[in-house]
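J.: The following comprises the amino acid sequence and a computationally predicted model.
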Amino acid sequence: MRWSGAMTELPNPTIPLHVAVALSQVGVREAPRGSNRGPQVDLYTEGRAEPWCGHFVAWCFREAQTPIPGDRPSKRHGNPLASVTHTERIFKEHDWFYTEPRGGDVVFFKARGRSDRGPGRHIGIVSDVGLKDIEVVDGNWGDAVTRRRVARNSPQISGYGRHGAL
């Protein structure tokens, strides 16, 4: 499932383009597992072998031509948006941080969950909002890009970021 370049049309006009980009990546896996690497993962991270959930979210917005402010991918220096705490701060500084979700939002988690081991946080993209749960497209959830449902009132969610250009 290789990415062929920036999307110019929505495959489904009812969802934001960055969500369509994220959904197109579901099933991408690390190779080898647990390495934070792989042909597609390296596109998200500029080839840096590090936790990549933040890289994935930034890449989806970049591919949709609505980059998150401060997005500076660099193999040598890394991308500051790889830090979930840094990305959350950017959304708060722009007054783009909310307590109720909408489709297309970035969801910020307080802990890594099934991402990498150790301390840290996790980030994903809300692809659908239900009455009691949200659907999230995650990069680096169980070493893959996945689609899962999370309770809206989960104590692990710190909030939602809504890009001002959307």
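T.: Good, I have the coordinates.

J.: So for the chain, the centremost residue is which one?
T.: Centroid-nearest residue in the chain, with C-alpha atoms, centre = their mean: residue 57, separated by 2.7 Å.

J.: ok so that residue is a helix residue?
T.: Yes - according to DSSP: H, G, I helix; E, B strand; the rest coil, residue 57 belongs to a helix.

J.: all strands for this protein, in order.
T.: In the chain, the strands defined using DSSP state E lie at 97-98, 106-109, 122-129, 133-138, 146-151, 157-161.

J.: in its sheet, what does the shortest one sit against?
T.: Here strand 97-98 is paired, per DSSP bridges, with strand 157-161 (antiparallel).

J.: how big is the angle separating the partner strand from strand 133-138?
T.: 80 degrees (axes from the mean of the first three to the mean of the last three C-alpha atoms, to 10 degrees).

J.: surely the residue nearest to the centre of the chain meets residue 123?
T.: Yes - at 5.2 Å, residue 57 and residue 123 qualify as touching, with contact defined as C-beta atoms under 8 Å. Just so you know, the C-beta spots here come from the backbone N, C-alpha and C atoms, and that holds for glycine as well.

J.: Find residues that contact each of those two.
T.: The contact sets of residue 57 and residue 123 overlap at 87, 106 (C-beta atoms under 8 Å, 6 or more residues apart in numbering).

J.: still on that earlier bit, could you save the strands of the chain as JSON lines and add columns showing mean pLDDT and distance to residue 85?
T.: Listed next are these as JSON lines, based on pLDDT from 0 to 100; distance: least, C-beta to C-beta, whole Å:
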{"stretch": "strand 97-98", "mean pLDDT": "98", "distance to residue 85": "13"}
{"stretch": "strand 106-109", "mean pLDDT": "97", "distance to residue 85": "9"}
{"stretch": "strand 122-129", "mean pLDDT": "97", "distance to residue 85": "10"}
{"stretch": "strand 133-138", "mean pLDDT": "98", "distance to residue 85": "17"}
{"stretch": "strand 146-151", "mean pLDDT": "97", "distance to residue 85": "20"}
{"stretch": "strand 157-161", "mean pLDDT": "97", "distance to residue 85": "10"}
